[in-house]
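Colleague: Turn this into a structure:
(chains A and B, ligands or ions: 2)
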Amino acid sequence: MSWLYNSLNSSIGKKIIMAVTGVCLVLFLIIHLIGNLTLYGGFNAFNGYVRTLELVKPVIRVVEVVLGLIFIFHIFNGVRLWIENKNARPENYTVKGIRKNTTLFSRTMIQTGSIVFIFLVLHLSTFWVAFNFSGEPEHKPYQYYSIIMDWFKNPFYAGFYVIAVILLGFHLNHGFQSAFQTFGWNHKKYFPFIQKLGTVYALIMAIGFASIPIYFYFNGGN
Amino acid sequence: MSGNINVLLKIWHQKNANTKGGFVDYKVNVSPDSSFLEMLDEINNDLERKGEDPIVFESDCREGICGTCGLVINGEPHGPLRKIATCQLHMRNFKDGETIWVEPFRAKAFPVIKDLMVDRTALDKILQAGGYVSVNTGGVPDANAIPISKDLSSEAFDAAACIGCGACVASCKNASAMLFVSAKVSQLALLPQGHPERSKRVQAMVMVMDELGFGSCTNTYACEAECPKGISITNIARLNREFFNAKFKSSVLEY
Ligand code: HEM
Ligand code: SF4
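Modeller: Numbering: from 1, shown residues only, chains lettered A, B, ... in the order given. Ligands and ions are numbered 1, 2, ... in the order given. Next up, the predicted model:
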């Protein structure tokens, strides 16, 4: 299997890993957002949704492990590519023409990705840990919803949440079409549509996720 | 002279790859009809008259075909205009009083030889790895023995327009040679003559490209914007497909 190792370690192979893991995360975000939107339905809708997930806990655990691995591969390869690509130009230009021929989104993947990573750690250490390690759900029926309500009352938490998901939108705006290009699916007839679809997707994700902390901060969730 | 413009040139000087370089200022009064390289020629004539070393830069055909000239002007390889080589750039595209920064192509794989001249042998090494078709000697093949549609031959021809100048590497934030390699892989992959060796070709060329210290593509598409021949990034998509097929579908194992 050394051919496989060599293939995935080549420049294009690393890109394929970025694209495959990126697309998995793109799909995961859609499901995650749909789930989050139940928060707008109030206590019962959201708690009902979380309790449904509790019922299929073993499946969720497997999904969590797979997602974790996907994130690790995506981040590890992203950082590795960034370092290697920096090394490919030891001395940079004095005048940076790169601003004239590329988009801001494409130039800042490592920065937006890194902020999303910091957000992810914070996100897991608040919501995920609280949901999984704070006692039996039967005893505290409205607990899930209130955990979220409490955190989003904190302006720093809500503010950082909003900034992070907007930057996630930046990441996705470039990443979506980039993954298609990496897979070799750049067709003259369809690619302009793919690029627009990526922007629409990024906007829906950024606005969708950001709207929730904004709603809870100003509305208190009542 | 009337009609001339005054520009301040900041030109990179560097003894060789192992020394640190820096900018030297030249104030020039130049005709807007002068080409960028003619302006440098004039500066060099002056320098030589004074017994000083001329600015080293490369050029050959001076009609945008050879791919030799390549300067990074105000941060852009081949200057601010699209789809031309440096030799086709004229001073009328600059404003009176403008400051113009001139730097060499910068990439680990392109070490500076002197001043604005860089060593682009790395691109030749990639070609030597597989950018050809092996032809066994024999009779001359009959014309039209292999029918090729006009669309396909045009697409192959568009890829073959690459002059190997390296501006794609110079413009890429990762100093990636993917546009160059994709053009060279595509021109052969699109035609039946290139098919027998396609699996080996793409793997060998990508392997050598990686070894020579070029970066990876992050799909920023700066290369396409700066390429003097307008090579399309759809070629990079084709290169990715060729690579994937060669790695995961073909039985070629040696790379
Ligand atoms: C939910 C979170 C994320 C999603 C949906 C996502 C999605 C994507 C997608 C689709 C791509 C494009 C792949 C390609 O170019 O073919 C990408 C690229 C990239 N991602 Fe992420 N990503 C996420 C999180 C992160 C994190 C946490 C990092 C941490 C550093 C990161 C770093 C990068 C980098 C550096 C690239 C560019 C790689 C390259 O073009 O070579 N991403 N991402
Ligand atoms: S692809 Fe364009 S920029 Fe790159 S070497 Fe060929 S002609 Fe030059």
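Colleague: quick one, helices of chain B?
Modeller: B:36-49, B:121-130, B:150-160, B:167-171, B:178-189, B:198-211, B:222-226, B:234-248 (DSSP state H).
Colleague: Packed most tightly, which of these would that be?
Modeller: helix B:167-171 (a mean of 30; mean count of other Cβ atoms under 10 Å in any protein chain shown). In this view, the C-beta of every residue, glycine as well, is placed from N, C-alpha and C.
Colleague: ok, the residue lying farthest from the centre of chain A - contacts?
Modeller: Computed with Cα atoms, centre = their mean, the maximum C-alpha offset from the centroid of chain A is found at A:Thr94, amounting to 34.1 Å. By Cβ atoms under 8 Å, 6 or more residues apart in numbering or on different chains, A:Thr94 lies in contact with B:Phe23, B:Trp101, B:Glu103.
Colleague: So it, which state does it fall into?
Modeller: coil (DSSP: H, G, I helix; E, B strand; the rest coil).
Colleague: Roughly how far does it sit from ligand 2?
Modeller: Between A:Thr94 and ligand 2 the computed distance is 21 Å (Cβ to the nearest ligand atom, to the nearest Å).
Colleague: mean confidence for stretch B:24-40?
Modeller: Computed over stretch B:24-40, the mean pLDDT rounds to 97.
Colleague: So which bits of the stretch 101-250 of chain B are right by ligand 1?
Modeller: Within the stretch 101-250 of chain B, the positions lying close to ligand 1 (Cβ under 6 Å from any ligand atom) are B:Ser216, B:Thr218, B:Asn219.
Colleague: Any of the residues you listed buried? List them.
Modeller: B:Ser216, B:Thr218, B:Asn219 (16 or more other Cβ atoms under 10 Å in any protein chain shown).
Colleague: Pull out the buried positions in the helix or strand bottoming out on mean pLDDT in chain A.
Modeller: Within chain A, judged by mean pLDDT, DSSP states H and E, the helix or strand with the poorest mean is helix A:129-132; its value is a mean of 80. For helix A:129-132, burial by neighbour count (16+ other Cβ under 10 Å) applies to A:Ala130, A:Phe131.
Colleague: C-terminal to that helix, what's the next element?
Modeller: Downstream of helix A:129-132, the next assigned helix or strand under DSSP states H and E is helix A:143-153.
Colleague: any idea of the mean pLDDT for the helix or strand following that next one?
Modeller: Later in the chain than helix A:143-153, the nearest helix or strand by DSSP H and E is helix A:155-182. What helix A:155-182 shows for mean pLDDT is 98.
Colleague: do the same with stretch B:149-166
Modeller: 97.
Colleague: That one close to ligand 2?
Modeller: Yes. Residues of stretch B:149-166 are located near ligand 2 by Cβ under 6 Å from any ligand atom, namely B:Cys162, B:Ile163, B:Gly164, B:Cys165, B:Gly166.
Colleague: Just the CA coordinates for that stretch, please, in CSV.
Modeller: Output of stretch B:149-166 as CSV, limited to C-alpha atoms (Å, rounded to 0.1, in the frame of the first residue of the first chain):
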residue,chain,number,x,y,z
SER,B,149,-12.1,16.7,-33.9
LYS,B,150,-11.5,20.4,-34.4
ASP,B,151,-12.7,21.2,-30.8
LEU,B,152,-10.3,18.7,-29.3
SER,B,153,-7.3,19.9,-31.4
SER,B,154,-8.1,23.5,-30.5
GLU,B,155,-8.2,22.7,-26.8
ALA,B,156,-4.9,20.9,-27.1
PHE,B,157,-3.5,23.8,-29.0
ASP,B,158,-4.6,26.3,-26.4
ALA,B,159,-2.7,24.3,-23.8
ALA,B,160,0.3,24.0,-26.1
ALA,B,161,0.4,27.8,-26.2
CYS,B,162,2.3,27.7,-22.9
ILE,B,163,5.7,29.3,-23.5
GLY,B,164,7.2,28.0,-20.2
CYS,B,165,7.9,31.5,-18.9
GLY,B,166,7.2,30.6,-15.3
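Colleague: quick one on the thing from earlier: I'd like the residues of the stretch 101-250 of chain B next to ligand 1 laid out as CSV, including distance to ligand 2 and pLDDT.
Modeller: Output for those, formatted as CSV (distance: Cβ to the nearest ligand atom, whole Å; pLDDT from 0 to 100):
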residue, distance to ligand 2, pLDDT
B:Ser216, 16, 98
B:Thr218, 16, 97
B:Asn219, 15, 98
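Colleague: if we take the residues of stretch B:149-166 next to ligand 2, which one ends up nearest to ligand 1?
Modeller: If you rank the residues of stretch B:149-166 next to ligand 2 by distance to ligand 1 using Cβ to the nearest ligand atom, B:Gly166 comes first, at 21.1 Å.
Colleague: Got phi/psi on the closest one?
Modeller: Here is the backbone geometry of B:Gly166 (degrees, to the nearest 10): phi 90, psi 10.
Colleague: ok, now how distant is the spatially closest residue to it that is not a sequence neighbour from ligand 1?
Modeller: Residue nearest to B:Gly166 in three dimensions, not counting chain neighbours: B:Arg120, with 5.0 Å by Cβ to Cβ, 6 or more residues apart in numbering or on different chains. Per Cβ to the nearest ligand atom, B:Arg120 is found 24 Å from ligand 1.
Colleague: same question, B:Lys20
Modeller: 30 Å.
Colleague: ok, the residue lying closest to that residue once chain neighbours are set aside - contacts?
Modeller: Nearest in space to B:Lys20, with sequence neighbours left out and distances taken as Cβ to Cβ, 6+ apart, is B:Gln14 at 7.4 Å. Neighbouring residues of B:Gln14 by Cβ under 8 Å, 6+ apart: B:Lys20, B:Gly21, B:Gly22, B:Pro104, B:Val112, B:Lys114, B:Asp115.
Colleague: Give me the nearest residue to B:Lys247, chain neighbours excluded.
Modeller: With Cβ to Cβ, 6+ apart, the residue lying closest to B:Lys247 is A:Ser7, at 4.3 Å.
Colleague: quick one, domains of chain B?
Modeller: B:5-114, B:120-254 (automatic domain parsing).
Colleague: now the ones you listed as TSV including distance to A:Ile12?
Modeller: Formatted as TSV, the domains of chain B follow (distance: least, Cβ to Cβ, whole Å):
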stretch	distance to A:Ile12
domain B:5-114	17
domain B:120-254	5
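Colleague: Out of these, flag the one nearest A:Glu54.
Modeller: Nearest of these to A:Glu54, taken as Cβ to Cβ: domain B:120-254 at 39.8 Å.
Colleague: Ends of the closest one, what's the gap?
Modeller: For domain B:120-254, the first-to-last residue distance is 27 Å (Cα to Cα, to the nearest Å).
Colleague: Now for the spatially closest residue to B:Ile236 that is not a sequence neighbour: which residues touch it?
Modeller: Closest residue to B:Ile236 apart from its sequence neighbours, by Cβ to Cβ, 6+ apart: B:Ser182 at 4.4 Å. The neighbours of B:Ser182, taking Cβ under 8 Å, 6+ apart as the test, are B:Ala159, B:Ile231, B:Ile233, B:Asn235, B:Ile236, B:Arg238, B:Leu239.
Colleague: same thing but 7 Å
Modeller: Residues near B:Ser182 by Cβ atoms under 7 Å, 6 or more residues apart in numbering or on different chains: B:Asn235, B:Ile236, B:Arg238, B:Leu239.
Colleague: can you put these in CSV and add distance to A:Phe156?
Modeller: Shown next, in CSV, are those (distance: Cβ to Cβ, whole Å):
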residue, distance to A:Phe156
B:Asn235, 48
B:Ile236, 43
B:Arg238, 48
B:Leu239, 46
